[in-house]
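Participant: next one to model:
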Amino acid sequence: MTADAQIIHPASNAFRRMGAVLTRVSAAYGGALVPVTITAVAAFLRFWRLGHPHSIVPLDETYYAPNSFGYLCHGSDMGFKANAPHTCDGLEPVFAVHPPVGKLLIAVGIKIFGYRPFGWRFVPALVGSLSVLVIYLIGRRLWEKRWAAAAAAILLGVEGLQFVQSRLAMLDIFVSFFILLGVLLILEDRARAPTSKGVRWWRLASGVSFGLAVGSKWSALFVLPVVAAVVLAWETIKFRDAREAADVAQAEIGSGEVAAPPRSPRRRTLALQMVIILITFSVVPLIVYVATYTPWFLSTKRYVPPRCNNTMVVGRVTKSVPKAGLDLWLCDQKEIADYHQNLKSTDLNGKPILPYVSKAWSWPWISRPASHFYRRYCAPGGGAQPCAAGQELRDEEVLGLPNPLIWWTAFFVALPACLYWIVKRDETAGLLVILLAPLVLPWFVTSRPLFMFYMAPASPFLVLMVVHALQKWELRAAAVWFVALSIALFGYFYPVLAAYPIPSTGTLGWQSRIWFGHGRLFNRTIGDCTSKGIKILCWI
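Facilitator: Predicted coordinates for the structure are as follows:
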């Protein structure tokens, strides 16, 4: 044996030992390694440069950041007085148009990191990252193939609308997370039901999760009856199958094949379960919803709507006295409902009341993503236009833009396929379509202003549909390419999702990424950005 061989041999043994260790670790923790790694990468993407932009993002941090700070200072929604310092002393009560859960959670980040961009965006980024883990776990319950669950997690991690909502102090990411978590919990309950005795804790926890979703935004209300119907159907099927199994076993007793048949479940058992399910998805969410208002009930500086005052005559003087307790809360809830009911998308001339109002039926082709933040300046130096010699024009934008590959595949390929598979009794396809419906269809019948980021809670189910189609068609190789292209497209659009400074023009400039508004086809600009009405094809 040569000297060189003696030197190399110990190292090769070390590598083999290391490989053996890694193999054992992978075998022991492989089930957790994949989702944890994907979640960690998604979290890195969301937390990197989270403090940029370094100020309030106009749409819609303008409201929710100070509202959340108000809960820390006074236990209810607050806004800053004009020219007041950004301290508790500078706050005044404001009318809250949404329930408190999302704002309470945003307040946690402000409490830890202070009233600054990273502070008010911390919890949304954390919740957005956890959503990636939750959708992986949902995938493991829906499909046998582990790669399908991993694909769903990766795709949600690079889904642009989810990504943007994860990096802003807004409420839609909380609605999305709690609905997704509730779905995971009912799937977990169903999987454990055959061996479950006593209280169905997973199902009860799902009721709590859906209550927190409603406590973030009322739009989650539409999901509750749908989920209740799904769980009722599952319980009915379980009862029917148990009855049939008992009947078959009873018939086989005479042949000696079965010594002691299983007991046939009684109808009152099913009736009891139905009552429990209805309570779980109605009473439990209501209790949770009311409980989230605890800081509001305890606050002494909450806003009282004008119509929530009682008129009293003291002596000869008429005084206006605020209602109190539950009476005031019910009045406040009615005021919130009236506010949303009376909102209109356009003025009397047909002009949108806000620039980024869109129509729900145009969302499938990514008609009008909302620009939450936009800044154009000359670099270096950051000055205004016109740029001096040696400077170039740069743009920064936070555009609520879905990943086009995921979005278009979901709406124009996966959704039609799932609708077809429902006819073929594909249970998973049916579940995904049923869960998507209450997150999309209600927006078609409302006259209030709509923004494309309202689709954030629906985007995880669009991702699940895409993956379901890929795994049902057994397109594992195609799935790898699809995920890779989705990641590449996310990287391409990243600058306009995260306000990363890029040149205004050029091959990789801002304009090249605004396909509808600056893109050209047959020498004509694509889109209707010059329209004075609600635009249906404009990314500017």
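Participant: my read is that residue 217 contacts residue 102, right?
Facilitator: Yes: assessed by Cβ atoms under 8 Å, residue 217 is found in contact with residue 102 at 7.3 Å. Any C-beta I mention is one placed from the backbone N, CA and C, and that applies to glycine too.
Participant: got any residues that touch both of the two?
Facilitator: By Cβ atoms under 8 Å, 6 or more residues apart in numbering, residue 217 and residue 102 have these common neighbours: 171, 174, 175.
Participant: make TSV out of those residues and add neighbour count.
Facilitator: Listed next are the shared contacts of residue 217 and residue 102 as TSV, based on neighbours: other Cβ atoms under 10 Å:
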residue	neighbour count
171	26
174	28
175	28
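Participant: still on that earlier bit, so residue 217 and residue 102 - more neighbours on which side?
Facilitator: residue 102 (30 against 22; other Cβ atoms under 10 Å).
Participant: with adjacent residues omitted, what lies nearest to that one?
Facilitator: With sequence-adjacent residues excluded and distances taken as Cβ to Cβ, 6 or more residues apart in numbering, residue 102 is closest to residue 171, at 3.8 Å.
Participant: what sits against that neighbour?
Facilitator: By Cβ under 8 Å, 6+ apart, the contact list for residue 171 reads 64, 98, 102, 103, 216, 217.
Participant: so this protein: which segments form each domain?
Facilitator: 31-169, 171-303, 304-341, 343-540 (automatic domain parsing).
Participant: how about the helix or strand harbouring residue 176: buried residues?
Facilitator: Assigned by DSSP states H and E, residue 176 belongs to helix 172-192. For helix 172-192, a neighbour-count test (16 or more other Cβ atoms under 10 Å) marks 172-190 as buried.
Participant: what about residue 348, which SS state?
Facilitator: coil (DSSP: H, G, I helix; E, B strand; the rest coil).
Participant: mind listing the strands for the stretch 201-350 of the chain?
Facilitator: 309-314, 317-322 (DSSP state E, counting those that start in this stretch).
Participant: what's the closest of those strands to residue 38?
Facilitator: strand 317-322 (50.4 Å; Cβ to Cβ).
Participant: describe which strands that closest one pairs with in its sheet and in which direction.
Facilitator: Looking at strand 317-322 with DSSP bridges, its partner strands are strand 309-314 (antiparallel).
Participant: so for the partner strand, mean pLDDT?
Facilitator: In this model, strand 309-314 carries a mean pLDDT of 81.
Participant: send me it as CSV with only the CA atoms.
Facilitator: Provided in CSV are the C-alpha atoms of strand 309-314 (Å, rounded to 0.1, in the frame of the first residue of the first chain):
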residue,chain,number,x,y,z
ASN,A,309,-76.0,56.5,21.8
ASN,A,310,-79.1,56.7,23.9
THR,A,311,-80.9,60.0,24.3
MET,A,312,-81.7,60.9,27.9
VAL,A,313,-83.4,63.9,29.5
VAL,A,314,-81.7,65.0,32.7
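Participant: relative to the whole chain's centre, how far out is it?
Facilitator: 44 Å (Cα atoms, centre = their mean, to the nearest Å).
Participant: returning to that earlier point: hey, which of the domains of the chain is tucked in deepest?
Facilitator: domain 31-169 (a mean of 21; mean count of other Cβ atoms under 10 Å).
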